[in-house]
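# fold the following, please.
(chains A, B and C)
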Amino acid sequence: MTLFLTALFAGLAVGSVYGLIALSYTVVFNSTAIFNIAQGDLMMAGVLVSYFCLDRWHLPQLVTLLMIVGVVVTLSLVEERVAVRPFVARPVVGLGWFIATLAFSLVIETVASIIYGQNPVVPIPGALGNGTIQVAGVHVATKFILAFAVMIVVMVALEVFYKRTWLGTAMRGVAEDREVAALRGIDALRISRLAFIIAGLVTALAAFVVAPIVSADVTVGLTYGLKGFIALAAGGFGSLRGCVLGGLLLGVAEQMFDLYVSSNYEILAGLILVLIVLAVRPSGLFGTRAVREV
Amino acid sequence: MSTSDPLLVVNDLHAGYGSLQAVAGISFEVGAAETVALIGRNGAGKTTSLLAIAGLRYGRFPGSVKLGGTDISRASSRQIVDGGLAHVPEGHRIFASLTVEENLRLGAYTRRRSGRKAVAATMERVFDLFPILRTYSSRNAGFLSGGEQQMVAIGQALMAEPQVLMLDEPTSGLAPIVIRTIYDAIGQLREQGLAILVVEQSVPRALANSNRCYVMERGRIVISGESAILAQDEHVFAIVRGTEEVPSPARTS
Amino acid sequence: MNDIASRLGLDSRAWVRWAVPAILIIALYIVPQLAGSTAFRMGEYEEVLSFLVIAVALNIAMGYGGQYILGITAVFAVGAYGAILAAKYHPHDVGLVAMCIIGGLVGAVGGLIIGLPALRVGGFYLALVSLFAALAIPTVAQQWAFVGADTGIPLYAVSGFAPKLSGEELYVIVASLVLLATAFSWALVHSRVGHRFVALHTSEQLATSIGIRAYRTKLLAILISSAMAGVAGGLYVYTQQFFAPGSSSVQFAVLLLAGMTIGGMGTITGPLIGSVIILGINQFFTSFQQYNGIVFGVLLLLFAVFLPNGLMARVAVLSDRLGLKPPRTPGAPAGRPAAVTPDHVPGSLDGVPEPTAATALAAKPAARLPTWTPIIGADESSPLVVTGAKRAFGGVTAVDDIDLTVTRGQIHGLIGSNGSGKTTLLNLISRFYSLDGGQITIGSTRLDNRPPDAVARAGIARTFQSPKLMLRESALENVIPAVELRVRCSGAESILRLPRGIRVNRQARTEALEILEALGLHHVMDQKAAALPHGTRRLVEMARAIALRPSFVLLDEPAAGLSPVELELVAEVCQNLARSGVGVLLIEHNVPMVLSIADTVTCLHQGRRLFQGTPAELRTDSTVASVFLGIDEPLEASS
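Numbering: from 1, shown residues only, chains lettered A, B, ... in the order given. The predicted structure is shown next:
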C-alpha cells in the first residue's frame, strides 16, 4: 500500500508539471488556435536558468523565480513575433505554423546545449527545501506538494482571469470570432501577444517547480512538450480542468506503469494512454474546442 | 434632411477581395438623427462597402471615409470604434460561448477605463431598448433564437456609445414581430440622435423605415433620394428584383 | 515519344521538365566515381539513399494525402528492427529482398497502430501522436535487451550473415531502389488513388461530395507510406548492417520535416532535393555539429514563413515561364478576375499564376449540349423525397419541418431570403449536416443515416456556394476524379499502369474532357484552377458534378457572380440535365432565372415552407409576394 501511495503522490507531482504545460498550451490556442510545441523547450530553458541561479550562482529562490520568468516570457514574446504572428492573420493553410514553432524549439534546444553541454542537470534545491511531511502514513516531499499547489493556483487564477477580467473575456471573444471582436475594437494581435506572455508566465512557474523534482537535460524539451500534448488530449482541448486532470492522469499512469509493469519503459505509459483515449473518447474527458485544422 | 454636417461622409469608395472589385466608387453621406437605407441585389457590393468603412479593409484602394470630419480611411478598426462608428455585420454574429451580459460587456471594451458604473449604465440603456435581453442576461448567447441574437449583436455595438451605427441586413430570416421590434428600436435610436445606415434586402421595408435611400448595383450607386419619393418609383423595385437593367447615368430624384 | 507520353497520361509538352530529373538520375549513379568509393563512403551514400526513401514515403502521406505522420521515423525504426532481427536469427535465409519485405510488413503494422486511433480525431493529432511515437520507440529500444538495448544489433558480427551484394554492385541496386520508389510515388500520384489523396487533402467536403470515402483513403495513405518507410528500414540495415536506438531519433524526424519543407511537399522531386540539402548540411557541419540546430531551426523557420511551398514551387514557376506560358492577347478585355476564396488550400498559392484575361470564358459551349443520362443511382426511378426535415443550431431553428420532392427529369427551384434555410436544406440532403428529425429517401433507400460520400455514390451530386476545387490541379484534373467514381479499376491496376488501368485512366480522361468541351471549357482544361476566374471555376465545378453522371444534381446558388453569358449557360445546362432525366434542385437568389426554367418552385421563409407550386402559381401568389418579396401585390395579376 505504501508503495502505491508513494507512486501516487509522485505521479501527482510530475502530473502537475504536465498540467502546467498543458495550461500554457491552452492559453495560447484559446486565443490563436495554434498549438505551440515549443512550450516544452521554453520550460527547459527556464530549468536551465534555475540551475544557473541556484546551483552556480547561489542566488535566493525568489530572485531565481524572477529570473526564470524574465527569460521565459522574453523567449515567448520573441517566438510570438517570429514564429506565430505571420500565421495568425492568414487563413488556415497546412502545417506551416506547426513547423515554425517546431523550428523555434529546435533553436532554443541547440542554444541551451551550447550554453550548458550535454550532461544531465544536477538536482536543484527546492524552494521549500528537501523536507517531507506525512500524508496518509507516507512521506511526501514538500517539493511535490509545491508543484501540485502551484498548478491548482494557476488553474484557478486562469479561470478567474477568463471569467472576471476584461482581458480574459476579450480573449474568449477573439477565440470565438476574430472579425466581430475586431469590429468591437478588440485588437486581436495584441491579444495574441498577451496570451503568449501569460503562457510564458505559466511555463516559468512550471520550470520553477519541476527543477527540483526531475533531473533533466537539455534534450527533454520536446519530451515534455509532447507529454503536455498527451495531457491535453486526455483531458480535452479547450478546457482548463481538462488540462489539470489530463496532466495528473498522465503523471499517475506513468508512475503506476513504473511500479507494476516496468520502470524501463515508462514512456510507453503515455503512448498507451493517448491511444486508449483517442479510441474510446476522442474529444478527451472535458473537450470543447478544435485545434486549427491541419 | 438634417441641417447639421453629416456625421459619415463616404467619397469614391472602392473595395474588393483579391482582384475582384466589389465596390467601384460610391459616395454617400449619413447625418445625425436620420436613417439611410442601402439596398440592391445580392452581390451588388453592399456588404463589402460597410466592411470597408468599418476598417476591415479589403486591400488599399482610392476613396475616403470621414467620420465627424476626421478621415478614417486608413484607421484601424479600434480607432474607428473610438471615433464613434459601430458596425453590426450580417448574420447575427455574436460570441456564442459567452453569456449575453459578457457579450454586451465586450461591446464596451474600448470604454473599459471609464469605470464599471459607466459601463453598467450603458448596459441598462441597452436593456431598456431590448427588454428581453435583461431576462436572458446570464444565458449563453448561443442558445438564444436568431432574433434575440440579433438584438445582442446590436446591443453589443451600442455599448461603445457610437454616433454612427451601421447594420447589415439586421432582419434577414426573422419573424415579422421581431422585425418590427428591431426597427422600432432603430427608430428610437434615430430619435436619440444616432446616424444610422441600414443595408436591407426587402425594398418596401427599407423604404418604410428610412429617411433616404441609396440603390447599389454592380458596385455602384445608381439611384438615390428621399425614401418617400422612391417608394413610388417602379424602377427601384425592378432593379432590385433583377427584372430590369440599370438605367445609366445614375439618377437622383 | 508523344504517343508513349499520352498513353502514360503525361503532358507531352512537359519533356522540358524532364531535363532536370534526367541529369539528377545520371548524377546519382556516378556519385561514387565523383566523390569517392571507399567502403566507408559507400556506406554513407547508402545511408542517405535509405533516408530518401523515407522522404518519398512521407511525401506520399503528407504532401499529397495531407496525413501528417511527422513521426514516420518511428515506423522506419520498427521496420528496421524487424528486418535486422530476422537477419540476426536467420542469417542464412535472409537477404536484401527478404529484409525489405519484412521491414515493409512490420512498418505497415506499426503505422496502422499509431495512425488508426489518431485518424478519428484529426490530422493534427496524428502529427503529435506519431511524433511521440518517434520519441518513445527509441527510448523503449534503449532499455530492451532483445533489441540490443543501447548498443543495438551489430549485424556484421553475426556469424553466417554474409550479404551477397556489396561495393559498387550494392550501390547501384540501392540507387535503383530509390529511383523505383520515386517512380512508384509518381505513378501513384498520377493514378486514381493519387487523385483521391489530393482531393481529400484539398477539402474533405470536396472529396466526399464526389464519393470518396475519407477514412479509407486516409488509412490507405498511411498504410502505403508506412510500408515504404518500413522498406527503407530494411534497406538501411542491409547496407549498414547495424541498427541502434540512436539510428532513428526525434531529431531525425525534425530533420526529415526540414528537408520536406525546404524542398517542397506536394512535388515529386522537392522532398528529395530538400532532404539531400539538409542531410548534406548535416554531414558538412559535423565539426560544428553543435550549431547544426540553430542553422536548421532558422532555415526551417524562414521557409515555413516565407516559402511554405519550398524550392520546387519556385522551380515549377520557372519551368512554366520557360516553356508553357500561354500567349497574352494584346488588348484583351478586362474580363472578370477571380474572387480569391481562401478555402482549405494545401499550401499557399505562391508559384501559381493569378487569373488573367486569357483564362476567362472565351470559347462558346457546344451548340447542342449532349445527353447526360444518369448512370449512378439509375437503377431506380423514384424521386428524391425529403420529409419533415428539421435542423437547429444552438437556439436557432434553421429548418423546420420541410417536405420537398425532387422528381427525376424535372427542375425544382428553391428560393428564399438569406437565413431562410435553403443552403442548410441542401447540406442536409447531401449529408454535410445531420438531421435533427425527418427523413431523406430515394425509393426504399434511406439516405439520412449514411455519410456524405454514400450520398454521392447513391447518385446525388452537388456544387458549393463557393466553388471547391483543387486549386493546384488543372481544370481537367479537377473533373477526372468524379469520373473515376464510376469508371472503375483497382487501385493497383491504375498505379502500376496495367493494361486495364491504362485503359480506364484514358477513358476517365476522355470522358472528363468531353464534359469540359460541352461546357465550352476546352481551352482552360490545362490551366490550374487557381488561375481561373470565378465564373469559370463555377462552371468547372458544375462539370465535375455532371461528370458523376448522377441521378440528381443539387446546385447551391450557381448564378452568383456570373456574367450574363455564363448565366445563360447555367440555365441551359440545368434544362439539359432535366431533359436527360436528371432531377435538378436549384437553389438561387436570382428569382427570374428560377421562374424561367423551373418546373416546381419551393419558397422557404424562416426555415418553413411558405409556398410550393409552379412558377405560374408563384407569380400570382400574394403570400409569397408580401412575405418574401415584400410588396403588397403579387408579381403578376392573377388571370
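# hey, let's count contacts and neighbours off CA atoms from now on
Will do.
# tell me the pLDDT of the residue lying closest to C:F197 once chain neighbours are set aside.
With C-alpha to C-alpha, 6 or more residues apart in numbering or on different chains as the criterion, C:F197 has its nearest non-adjacent residue at 4.4 Å, and that residue is C:G65. Residue-level confidence at C:G65 comes out at 89, pLDDT.
# output the lowest mean pLDDT helix or strand found in the chain.
Reading this off chain A. Lowest by mean pLDDT, DSSP states H and E among the helices and strands of chain A is strand A:132-135, with a mean of 78.
# actually chain C
That would be, for chain C by mean pLDDT, DSSP H and E, helix C:2-7 at a mean of 54.
# not counting its neighbours along the chain, what's nearest the residue located most distally from the centre of chain A?
Here the centre of chain A is the reference, and by C-alpha atoms, centre = their mean the most remote residue is A:L183, at 32.7 Å. Nearest residue to A:L183, sequence neighbours excluded (C-alpha to C-alpha, 6+ apart): B:S77, at 6.1 Å.
# same check on B:T99?
For B:T99, ignoring the flanking residues on the chain, the nearest one in space by C-alpha to C-alpha, 6+ apart is B:N140 at 4.0 Å.
# what's near enough to touch the one you found?
B:96-100 (C-alpha atoms under 8 Å, 6 or more residues apart in numbering or on different chains).
# do that again at 10 Å, thanks
B:95-103, C:394-395 (C-alpha atoms under 10 Å, 6 or more residues apart in numbering or on different chains).
# near chain C, which residues of the stretch 101-250 of chain B?
B:140-149, B:169, B:171-176, B:201-206, B:218, B:237, B:241-243 (C-alpha under 10 Å from any C-alpha of the partner chain).
# buried only: go through those for me.
B:140-149, B:169, B:171-174, B:201-206, B:218, B:237, B:241-242 (16 or more other C-alpha atoms under 10 Å in any protein chain shown).
# quick one: the residue nearest to A:L183 and A:A188, what's the gap?
Using C-alpha to C-alpha, to the nearest Å, B:S77 is found at 11 Å from A:A188.
# so which elements touch the helix or strand that contains C:I30?
Assessed by DSSP states H and E, C:I30 sits inside helix C:19-35. When contacts are defined as 3 or more C-alpha pairs under 10 Å, 6 or more residues apart in numbering or on different chains; DSSP states H and E, helix C:19-35 sits against helix C:39-58, helix C:167-189.
# only C-alpha atoms, please: export the last one in PDB.
Taking C-alpha atoms only, helix C:167-189 is exported to PDB below (Å, rounded to 0.1, in the frame of the first residue of the first chain):
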ATOM      1  CA  GLY C 167      30.500  -2.400 -53.100                       C
ATOM      2  CA  GLU C 168      29.600  -0.900 -56.400                       C
ATOM      3  CA  GLU C 169      27.100  -3.500 -57.100                       C
ATOM      4  CA  LEU C 170      25.200  -2.800 -54.000                       C
ATOM      5  CA  TYR C 171      25.300   0.900 -54.600                       C
ATOM      6  CA  VAL C 172      23.700   0.600 -58.000                       C
ATOM      7  CA  ILE C 173      21.000  -1.600 -56.600                       C
ATOM      8  CA  VAL C 174      20.200   0.800 -53.800                       C
ATOM      9  CA  ALA C 175      20.200   3.700 -56.100                       C
ATOM     10  CA  SER C 176      17.900   1.900 -58.400                       C
ATOM     11  CA  LEU C 177      15.600   1.100 -55.500                       C
ATOM     12  CA  VAL C 178      15.400   4.700 -54.600                       C
ATOM     13  CA  LEU C 179      14.500   5.500 -58.200                       C
ATOM     14  CA  LEU C 180      11.900   2.800 -58.100                       C
ATOM     15  CA  ALA C 181      10.400   4.200 -55.000                       C
ATOM     16  CA  THR C 182      10.300   7.700 -56.600                       C
ATOM     17  CA  ALA C 183       8.800   6.300 -59.800                       C
ATOM     18  CA  PHE C 184       6.200   4.500 -57.800                       C
ATOM     19  CA  SER C 185       5.300   7.600 -55.900                       C
ATOM     20  CA  TRP C 186       5.000   9.400 -59.200                       C
ATOM     21  CA  ALA C 187       2.800   6.700 -60.700                       C
ATOM     22  CA  LEU C 188       0.700   6.700 -57.500                       C
ATOM     23  CA  VAL C 189       0.100  10.400 -57.500                       C
END
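# by contact count, what packs against it?
Looks like helix C:167-189 contacts helix C:19-35, helix C:39-58, helix C:192-202, helix C:214-240, helix C:491-495 (3+ C-alpha pairs under 10 Å, 6+ apart).
# ok, now the shortest one?
Contacts of helix C:39-58 with other secondary structure elements, assessed using 3+ C-alpha pairs under 10 Å, 6+ apart, are made with helix C:19-35, helix C:72-89, helix C:167-189, helix C:214-240, helix C:250-263, helix C:270-284.
# quick check: angle from that helix to helix C:19-35?
Taking axes from the mean of the first three to the mean of the last three C-alpha atoms, to 10 degrees, one finds that helix C:39-58 is oriented at 160 degrees with respect to helix C:19-35.
# what does the stretch 51-200 of chain B put close to chain A?
So the stretch 51-200 of chain B meets chain A at B:51, B:54-56, B:76-82, B:85-89, B:93-98, B:102-103, B:105-112, B:153, B:156-160 (C-alpha under 10 Å from any C-alpha).
# spell out which parts of the stretch 501-639 of chain C neighbour chain A.
Going by C-alpha under 10 Å from any C-alpha, none of the residues of the stretch 501-639 of chain C are near chain A.
# neighbours around the closest residue to chain B within the stretch 501-639 of chain C, how many?
Per C-alpha to the nearest C-alpha, C:Q606 is where the stretch 501-639 of chain C lies closest to chain B, at 5.1 Å. Counted by other C-alpha atoms under 10 Å in any protein chain shown, the residues lying close to C:Q606 total 22.
# correct me, but it touches C:I415?
No - C:Q606 sits out of contact with C:I415 when judged by C-alpha atoms under 10 Å, with a separation of 11.7 Å.
# next up, phi/psi of B:V9, please.
Note on B:V9: backbone dihedrals following degrees, to the nearest 10 are phi -120, psi 120.
# can you give me the distance of it to B:I53?
For B:V9, the distance to B:I53 - C-alpha to C-alpha - is 10 Å.
# quick one, strands of chain A?
Under the criterion DSSP state E, chain A contains strands at A:132-135, A:138-141.
# in the stretch 151-253 of chain B, what residue comes closest to chain A?
Closest point on the stretch 151-253 of chain B to chain A, by C-alpha to the nearest C-alpha, is B:A157, at 6.8 Å.
# distance of that residue from chain C?
21 Å (C-alpha to the nearest C-alpha, to the nearest Å).
# could I have the helix or strand harbouring that residue exported to CSV, CA atoms only?
Assigned by DSSP H and E, B:A157 belongs to helix B:146-158. Taking Å, rounded to 0.1, in the frame of the first residue of the first chain, the C-alpha atoms of helix B:146-158 are listed here in CSV:
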residue,chain,number,x,y,z
GLY,B,146,-32.0,34.2,-34.2
GLY,B,147,-33.9,37.4,-33.4
GLU,B,148,-32.6,37.5,-29.8
GLN,B,149,-29.0,37.0,-31.1
GLN,B,150,-29.5,39.9,-33.4
MET,B,151,-30.6,42.0,-30.5
VAL,B,152,-27.5,41.0,-28.6
ALA,B,153,-25.4,41.9,-31.7
ILE,B,154,-27.0,45.3,-32.0
GLY,B,155,-26.8,45.9,-28.2
GLN,B,156,-23.1,44.9,-28.3
ALA,B,157,-22.4,47.6,-30.9
LEU,B,158,-24.3,50.2,-28.9
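# for C:S185, which of the helices and strands packed on helix C:167-189 is the nearest?
helix C:39-58 (7.1 Å; C-alpha to C-alpha).
# could you flag which of the residues of the stretch 51-200 of chain B next to chain A are buried?
By 16+ other C-alpha under 10 Å, those give B:51, B:54-56, B:76-82, B:85-89, B:93-98, B:102-103, B:105-111, B:153, B:156-160 as buried.
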